[in-house]
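Engineer: following is a predicted model, sequence given first.
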Amino acid sequence: MRLAAITLFPEMFEAITRFGVSRRAFETGISHLTTHNPRDFATDRYKTIDDRPFGGGPGMVMMPGPLEQAIDAGVAAASSADEVPTVIYLSPQGVPLNDRLVRDLATRKALVLVCGRYEGVDERVIERKIDLEVSVGDFVVSGGELPAMMLMDAILRYQPGVLNDRQSAEEDSFATGLLDCPHYTRPEIYEDSAVPEVLLSGNHERIRVWRLAESLKRTRDRRPDLLEGRAFSKEEMQLLRKLEQSGE
Ligand code: 9WO
């Protein structure tokens, strides 16, 4: 997958190119990232890329000219013979990101992620260049770079060959539509607190059922919204009824 980031702070993207699972996606050539800095397209001697908002108010707005030129450079870099990139702007006004959208975007051959700074970008750039506005949550951070990296990291995990079999993204929380079950490792007793006995039993079927029940319980208690409109298997129905009956 070809990725391009439009950013005033390209070095921030080393957080994903230099570390962890995402680093492997870039090292193996499964993915490729270029960065494009609006500052490099500024036309005055001070390399200005922001200006005061029409109508007044606090802060500054990213100017359309240098930003659009940087987006065009990103689109050119990410384009290939068979695919035009999807251009995404990260903002709290966007559609909420979820596993379904991550998987959809993971099937694209090329994405350009536009990272705003200051109070945002000139709306005409959004109208002219942006295909999709995406939010990673209902909060404001100081720029689009961290949300863009979150989106990239989530997408890279779904690229074939990035995760090994043990890490399979298909088994992750949300791919199943449920929250993850609790995890434990050695020692068996830590500061008076024991590992659930079932996990030491060696009975893989019992363990699988326990984990599914824990996932159902957590999802019901913490994120009942995830269960709305989700279909349940016969086994899941039985486990939910059993949890209810035992008052868990
Ligand atoms: C800053 C600000 C300061 C004073 C008055 C109003 C203000 N609005 C903003 C603001 O929203 N700045 C944004 C910073 C502009 C676009 C890029 N920035 C951003 C993106 N912050 N948070 C996100 C974001 C992106 C995706 N999902 C969650 C948050």
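Structural biologist: Perfect, thanks for sending it. Residues are numbered from 1 along each chain as shown.
Engineer: from here on, contacts and neighbour counts on C-alpha atoms
Structural biologist: OK.
Engineer: from the ligand, how far out is the most centrally placed residue in the chain?
Structural biologist: For the chain, Leu151 is the residue whose C-alpha lies nearest the centre (CA atoms, centre = their mean; 2.9 Å). Applying CA to the nearest ligand atom, to the nearest Å, the value for Leu151 to the ligand is 9 Å.
Engineer: may I have the phi/psi pair for that residue?
Structural biologist: Backbone dihedrals for Leu151, given as degrees, to the nearest 10, come out at phi -60, psi -50.
Engineer: can you pull out the strands in this structure?
Structural biologist: In the chain, the segments counted as strands under DSSP state E are 2-6, 32-36, 50-51, 61-62, 86-96, 110-114, 132-135, 189-190, 193-194.
Engineer: ok, and does the fourth one reach over to the ligand?
Structural biologist: What it means is strand 61-62. No. Using CA under 6 Å from any ligand atom, strand 61-62 never reaches the ligand; the gap is at least 8.5 Å.
Engineer: from the chain's centre, how far out does that strand sit?
Structural biologist: In this view, strand 61-62 has its centroid 25 Å away from the chain centroid, taken as CA atoms, centre = their mean, to the nearest Å.
Engineer: again with the fifth one
Structural biologist: Between the centre of strand 86-96 and the centre of its chain there are 12 Å (CA atoms, centre = their mean).
Engineer: need the contact partners of stretch 209-225.
Structural biologist: 178-182, 198, 226-227, 236, 239-240, 243, 248 (CA atoms under 8 Å, 6 or more residues apart in numbering).
Engineer: please name the residues that touch Arg108.
Structural biologist: The contact partners of Arg108, by CA under 8 Å, 6+ apart, come to 1, 85-86.
Engineer: which one of those has the most neighbours?
Structural biologist: Across the contacts of Arg108, neighbour numbers were computed from other CA atoms under 10 Å; Pro85 holds the maximum, 23 neighbours.
Engineer: in this structure it contacts Leu113, no?
Structural biologist: No. Pro85 lies out of contact with Leu113 (CA atoms under 8 Å); the separation is 9.8 Å.
Engineer: turn the contacts of stretch 209-225 into a markdown table, including distance to the ligand, neighbour count and pLDDT.
Structural biologist: Below are the contacts of stretch 209-225 laid out as a markdown table (distance: CA to the nearest ligand atom, whole Å; neighbours: other CA atoms under 10 Å; pLDDT from 0 to 100):
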| residue | distance to the ligand | neighbour count | pLDDT |
| --- | --- | --- | --- |
| Leu178 | 23 | 22 | 97 |
| Leu179 | 21 | 21 | 97 |
| Asp180 | 23 | 18 | 96 |
| Cys181 | 27 | 16 | 97 |
| Pro182 | 28 | 10 | 98 |
| Val198 | 40 | 14 | 98 |
| Leu226 | 20 | 14 | 96 |
| Leu227 | 24 | 14 | 96 |
| Glu236 | 33 | 15 | 98 |
| Leu239 | 36 | 19 | 98 |
| Leu240 | 34 | 17 | 98 |
| Leu243 | 36 | 15 | 98 |
| Glu248 | 35 | 9 | 96 |
